[in-house]
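Q: how would this look folded up:
(4 chains)
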Number of protein chains: 2
Amino acid sequence: MAPAAPQPQAPDTKTRILDAAARLFHEQGFNATGVSTILREASVNPGSLYNLFPSKDALLGAVLERYTELLYPVVMKPVEDKTADPIDRVFALLQQYRDWFAPLDFRLGCPIGNLALEVADSHPEIRPLIQQNFDGWSAFVEKWLTEAGDRLPQLLDRKQLAATVLTVMEGGLMQARSSRSAMAYDASVAQLRTYFDLLLSQAQSEGGSGERASRSSGV
Amino acid sequence: MAPAAPQPQAPDTKTRILDAAARLFHEQGFNATGVSTILREASVNPGSLYNLFPSKDALLGAVLERYTELLYPVVMKPVEDKTADPIDRVFALLQQYRDWFAPLDFRLGCPIGNLALEVADSHPEIRPLIQQNFDGWSAFVEKWLTEAGDRLPQLLDRKQLAATVLTVMEGGLMQARSSRSAMAYDASVAQLRTYFDLLLSQAQSEGGSGERASRSSGV
DNA sequence: GGCATGATTGAATGTTCACTCAACACTTGA
DNA sequence: TCAAGTGTTGAGTGAACATTCAATCATGCC
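A: Predicted structure coming up:
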């Protein structure tokens, strides 16, 4: 296929639809977004959309598939490029998310999280795609935590902690959106930071080689 | 249908509407719930509903007002009755929430949280009511943490930690709903428990009277 | 040039949406 | 017994909804 590209880029129909749909679902939610609005914003006629996507639900599915594809290049790569230390990467991710939404006064939430609560149990074929997105996020964080090796306590469950990082992001953002303020998000991240500091110092006192957890908590 | 009033009590129109609306908004979301469905479930005609509530949005507002009113008697009082220790109350609350939603395989989320993400930035007059609910939850947890006194580190910000508890609940439940599994919720609660244990033992080592935080983390 | 194929057009479909309102029923106080 | 007030009835409103499809267009291949 010869890419005869006169303009820097003139996105094709499918791309325009996906871009518009993703943006509108994020801004207004799935149910509150009419197909006619997507058509207008994408400059497309209904027949074209329904030639490419059999239904509005299928379009939502395609949007979520694309979120999965974009997870690494858009979300994770910038973090990994900017930050080398695996533990710092966790908090760089949380900071990056803050930087995205703070300028808009937290008017928007996580695009995945919003859809998760809106369509999770009404669209059986969509829920797995949401789960797939969360799993992807969680897997990256878990990878970093594993790379941190013995800087974290031996008995600490990396998967559990990774899930908690995602929890902090989503739960914090939900409150930020409700209050139009960063407070609860920042508070949750700060507490997570303190928790990590305690874990790091606990691991440090675990010392040299294989040693059973001796102090206070079982982890 | 002829049963005039065999039951102990036949709730009045307003109550029937609020009950049905609250249940349907919770199960299906606000936008996905048609007024006609509410009317059917409440056995009410449209004119009656619109005599009591000027619009569907106003009905949503009334539902959220009622959530605020029910926060103590339905959510917090059972926890306080069952559990005396202030720190244990935090985890009793998290457990109670789990017990509510686990039997349904986490098909439903937090009624407030769902609405928070669905209507927070499209309904300016509703958002404050959601925030008011979150503030209420957070205030109770903060009260308990304050009652814990010097069992927690002196410099620990109780308000921040209370916000984090809410974060864990909402973020964990969102993931539970997406995966139809308690895993991420339990993981987040377990990590919070570990964090609390570390904080408790840190406070213990702060010892007798007024003392600056000496160890590792600043909190 | 001719033709097959897939993309695009856009008016029209039937359905569902939130909401209205004139008529009616019931309670209450005089 | 009646008048006033409050709550209820339910068919009906126009608008918006997701979706369809016969017709038209653009493109690649022989």
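Q: and chain A, what are its domains?
A: As recorded under automatic domain parsing, the domains making up chain A are A:11-53, A:69-206.
Q: so who does the residue in chain A positioned nearest to chain B touch?
A: For chain A and chain B, the shortest gap (CB to the nearest CB) falls at A:G171, measuring 2.9 Å. C-beta here means a position set from N, CA and C on the backbone, and glycine is covered the same way. Contact partners of A:G171, counting by CB atoms under 8 Å, 6 or more residues apart in numbering or on different chains, are A:188, B:166-172, B:174.
Q: change it to 10 Å
A: With contact taken as CB atoms under 10 Å, 6 or more residues apart in numbering or on different chains, A:G171 is in contact with A:113, A:164, A:184-185, A:188, B:113, B:163-175, B:188.
Q: can you put the domains of chain A in JSON lines and add distance to B:E147 and mean pLDDT?
A: Formatted as JSON lines, the entries for the domains of chain A read as follows, by distance: least, CB to CB, whole Å; pLDDT from 0 to 100:
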{"stretch": "domain A:11-53", "distance to B:E147": "39", "mean pLDDT": "96"}
{"stretch": "domain A:69-206", "distance to B:E147": "19", "mean pLDDT": "97"}
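Q: for chain A, which residue occupies the most central location?
A: Centroid check for chain A by CA atoms, centre = their mean gives A:W137 as the closest residue, at 5.9 Å.
Q: in three-state terms, label it for me.
A: A:W137 carries the three-state label helix when classified by DSSP: H, G, I helix; E, B strand; the rest coil.
Q: chain A: helices as residue ranges?
A: With DSSP state H, the ranges of helices along chain A come out as A:13-28, A:35-42, A:46-52, A:56-70, A:77-82, A:86-101, A:111-119, A:127-147, A:158-179, A:183-206.
Q: re the thing from before, just the buried residues out of the contacts of A:G171, in ChimeraX syntax.
A: What follows is the ChimeraX syntax for the buried subset of those, where burial is set by 16 or more other CB atoms under 10 Å in any protein chain shown:
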select /A:113,164,184,185,188 /B:113,163,164,165,166,167,168,169,170,171,172,173,174,175,188
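Q: out of the contacts of A:G171, who's near DNA strand C?
A: When CB under 7 Å from any atom of the strand is taken as the criterion, no member of the contacts of A:G171 contacts DNA strand C.
Q: would you indicate which residues of stretch A:130-147 are buried?
A: Using 16+ other CB under 10 Å as the test for burial, stretch A:130-147 gives A:130-138, A:140-142, A:144-145.
Q: so how far is A:A92 from the closest residue in space to A:A22 that isn't next to it in sequence?
A: Nearest in space to A:A22, with sequence neighbours left out and distances taken as CB to CB, 6 or more residues apart in numbering or on different chains, is A:V63 at 4.8 Å. A:V63 sits 26 Å away from A:A92, going by CB to CB, to the nearest Å.
Q: so which of those two has more stuff around it?
A: A:V63 (24 against 19; other CB atoms under 10 Å in any protein chain shown).
Q: residues from chain A in reach of DNA strand C?
A: If contact is defined as CB under 7 Å from any atom of the strand, the residues of chain A in contact with DNA strand C are A:12-13, A:44-48, A:50-52.
Q: just send those back as CSV, with neighbour count and distance to B:E206 too.
A: Putting the residues of chain A next to DNA strand C into CSV (neighbours: other CB atoms under 10 Å in any protein chain shown; distance: CB to CB, whole Å) gives the following:
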residue, neighbour count, distance to B:E206
A:D12, 9, 64
A:T13, 15, 65
A:V44, 18, 64
A:N45, 11, 69
A:P46, 11, 67
A:G47, 9, 71
A:S48, 16, 67
A:Y50, 14, 66
A:N51, 12, 68
A:L52, 16, 63
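Q: among those, which two are most distant?
A: Spatial extent of those (CB to CB) is set by the pair A:D12 and A:P46 at 17.3 Å.
Q: mind checking how far the closest residue in space to the residue of chain A closest to chain B that isn't next to it in sequence is from DNA strand C?
A: For A:G171, ignoring the flanking residues on the chain, the nearest one in space by CB to CB, 6+ apart is B:G171 at 2.9 Å. Separation of B:G171 from DNA strand C (CB to the nearest atom of the strand, to the nearest Å) stands at 29 Å.
Q: again with A:G136
A: In this view, A:G136 and DNA strand C are 29 Å apart by CB to the nearest atom of the strand.
Q: so who does that residue touch?
A: Listed by CB under 10 Å, 6+ apart, the contact set of A:G136 reads A:67-69, A:71-72, A:75-76, A:112.
Q: could you say which of these is surrounded by the most neighbours?
A: A:I112 leads the contacts of A:G136 on contacts (other CB under 10 Å) with 23 neighbours.
Q: residue contacts, A:D135?
A: Residues counted as contacts of A:D135 (CB under 10 Å, 6+ apart) are A:68, A:128, A:142, A:166, B:175, B:178-179, B:184.
Q: likewise A:G149?
A: If you count contacts by CB under 10 Å, 6+ apart, then A:G149 has A:86, A:203 around it.
Q: redo that, cut-off 8 Å
A: Contacts of A:G149 (CB under 8 Å, 6+ apart): none.
Q: what separates it from A:T13, distance-wise?
A: For A:G149, the distance to A:T13 equals 49 Å [CB to CB].
Q: now check stretch A:87-96, is it near chain B?
A: No: applying CB under 8 Å from any CB of the partner chain, one finds stretch A:87-96 separated from chain B by no less than 11.8 Å.
Q: could you tell me which residues of chain A lie near DNA strand D?
A: For chain A, the contact set with DNA strand D under CB under 7 Å from any atom of the strand comprises A:33-37, A:46-47, A:50, A:54-57.
Q: quick check: phi and psi at A:R107.
A: Torsion angles at A:R107 (phi, psi; degrees, to the nearest 10) stand at phi -80, psi -30.
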